[in-house]
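Peer 1: Structure for this input, please:
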Amino acid sequence: MPRWVLVDDTDAGIQYNGPWFVHQGSQNILGNFGIPYRSTLHGINTNGSFSYSFRGSRVLITATLEFPAPDGPFWQCIVDGVVIPSIVYTTPENRLRYCEEDGLAEDVQHNITVKASVQNQRTFWFDYIQYLPPVDEPLENVSISVDIPDPQMLFSNGWTLHAPGYMTSLLGSTFSFTFTGSSLTWFGFYDNSLPLAATTATYTIDGGKAVAFDLNGAAALRTGVQYNQIFFQTNSLPIGEHTLIVAYQGNLQTAPLTLSVVYIEDGTSYLSNSGSPIPSSSSFHSSLSVPALTTSGGSFTSTPFFPEPSAVKVGTAFSKLSPASEIGAIIGGILGGLTIISLLIVGLSQRYKKWRQSKRAQPEMAEVGPSFNQRTPIPLSTNSSTEVALVPELAHQRIGGDTHSHISEERNSVHNDIVEIPRNHER
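Peer 2: Below is the predicted model:
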């Protein structure tokens, strides 16, 4: 199964056209979606573009919006010469998904180009590209994003699902992850609906010395949720396979340990021993309401994704059954089930014979028809939809076809806070 490849804005493979410049850390305090990838952004104060070539089935652009519509910059995304829908937002924020294309042929080279239209020198900021490489062409020594749950991740008792990820408040609960790379960054979140008091957790690499890190949700008091928070980043490691173990040291009254995504440097894009599909990188921001609309024709639709609790591997000792043990357990379960069904059939058959014999011995009774009670139907609840303002398209974005009827043509602004989480998420 493939994993998302991360291409930072500083990557030499990106071709920039125009007077682009690099900033580091200038937008780190913007919003509550976390800091830009590696704290770097490429910006431009006039019209310009950039392009990148890749092989893969899916690609998306993530950027920072400092100046929202209608006064801010506009953008147009083009994949292999075809304009794809762009998402326009009304609130400044980091890590916003500007456009995404899925269903591309894996065995050919693709090109994605983003054209920026800037007015009044309202800077257009670009953060990074993500794409899913071919299954049969694994990439080595690349930056990757690992969504959860991942087949290599093992969660002990105490972990539960809490959007946009997983959390635990159980003292001593642990997490194990075997990965290939040279460093790992853990992203979690703080939610003011959960305890926020400061506590700690620890991590170890390859059985080495435990390293403590802080958990403090005070920042979420004002924003509600702080997404994509870096809880820790390991030191530089020899490129190769490593095992991470994280242990929670808090309790029910302190900030929980949370996990939403993991970044790995010098990683491998393919996990060969997995039978589970990869969640979308944009899965979790697809599950939440976003005051955004698309341009370039078509409408933006999304399907909520929340991993089922059964997807979490639970085991206090992080033990796995051998393949032979698993097969034996499956066969035993099937045979046991068939035996129980056979016994039930025999028992029911004997009871039916006794009932028939007793019925013949009883005098004939008048047959009484069944009574019918009218049921009152339960009315279905109706969900009202909020119309969003149609943001003007770029002149060169207009293509054939009408827009969907559920998008309002009015110019009223939408002032709801953005709650989209630019993850990656969710094939």
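
Peer 1: CA only for contacts and neighbour counts going forward, please
Peer 2: Will do.

Peer 1: Check the secondary structure at the residue nearest to Tyr37 when sequence neighbours are not counted for me.
Peer 2: In space, and not counting its chain neighbours, Tyr37 is closest to Asp127: 6.6 Å by Cα to Cα, 6 or more residues apart in numbering. Using DSSP: H, G, I helix; E, B strand; the rest coil, the three-state assignment for Asp127 comes out as strand.

Peer 1: tell me the helices in the chain, going along the chain?
Peer 2: For the chain, the helices defined by DSSP state H cover 220-223, 283-286, 323-361.

Peer 1: nearest residue to Gly34 other than its sequence neighbours?
Peer 2: Nearest-residue entry for Gly34: Asn228, 4.9 Å, with adjacent residues in sequence omitted and distances by Cα to Cα, 6+ apart.

Peer 1: so what's that neighbour up against?
Peer 2: Applying Cα atoms under 8 Å, 6 or more residues apart in numbering, one finds that Asn228 lies in contact with 33-35, 187-189, 260-261.

Peer 1: dump the residue contacts of Val142.
Peer 2: Val142 touches 5-6, 265-269, counting by Cα under 8 Å, 6+ apart.

Peer 1: Next, work out how far apart the residue nearest to Gly34 and Arg38 are.
Peer 2: Noted for Asn228: a distance of 12 Å to Arg38, by Cα to Cα, to the nearest Å.

Peer 1: Tyr89 is in contact with Pro70, isn't it?
Peer 2: No. Because the distance of 9.5 Å does not satisfy Cα atoms under 8 Å, Tyr89 is recorded as not touching Pro70.

Peer 1: Who has more neighbours out of those two?
Peer 2: Shown here are Tyr89 and Pro70; by other Cα atoms under 10 Å, Tyr89 has more neighbours (23 against 15).

Peer 1: Quickly list what that one is bridged to.
Peer 2: Under DSSP bridges, the beta-bridge partners of Tyr89 are Ala292.

Peer 1: What separation do you get for it and Gly72?
Peer 2: Going from Tyr89 to Gly72 by Cα to Cα gives 10 Å.

Peer 1: likewise Ile29?
Peer 2: Summarising the geometry, the distance separating Ile29 from Gly72, computed by Cα to Cα, is 19 Å.

Peer 1: For the helices of the chain, which has the smallest mean pLDDT value?
Peer 2: Of all the helices of the chain, helix 283-286 carries the lowest average pLDDT, namely a mean of 36.

Peer 1: on that earlier part again, let's see the pLDDT reported for the residue nearest to Tyr37.
Peer 2: The predicted local confidence for Asp127 comes out at a pLDDT of 99.

Peer 1: And for Pro70?
Peer 2: On the pLDDT scale, Pro70 is placed at 85.

Peer 1: For it, give me phi and psi.
Peer 2: Taking degrees, to the nearest 10, you get phi -90, psi 0 for the backbone angles of Pro70.

Peer 1: quick revisit: can you tell me which of the contacts of Val142 are in strands?
Peer 2: 5-6, 265-267 (DSSP state E).

Peer 1: Just give me the closest of those residues to Ser57.
Peer 2: For Ser57, the closest of the ones in strands among the contacts of Val142 turns out to be Val5, at 11.7 Å, with distances computed as Cα to Cα.

Peer 1: contacting residues around the residue nearest to Ala105 when sequence neighbours are not counted?
Peer 2: Leaving out its chain neighbours, the residue that sits closest to Ala105 by Cα to Cα, 6+ apart is Ser57, at 5.7 Å. By Cα under 8 Å, 6+ apart, the residues touching Ser57 are 102-106, 131-134.

Peer 1: again with Asn111
Peer 2: Contacts for Asn111 were tallied using Cα under 8 Å, 6+ apart; they are 51-54, 79-80.

Peer 1: now do Ser169
Peer 2: Ser169 makes contact with 158-159, 248, 250-252, 254-257, according to Cα under 8 Å, 6+ apart.
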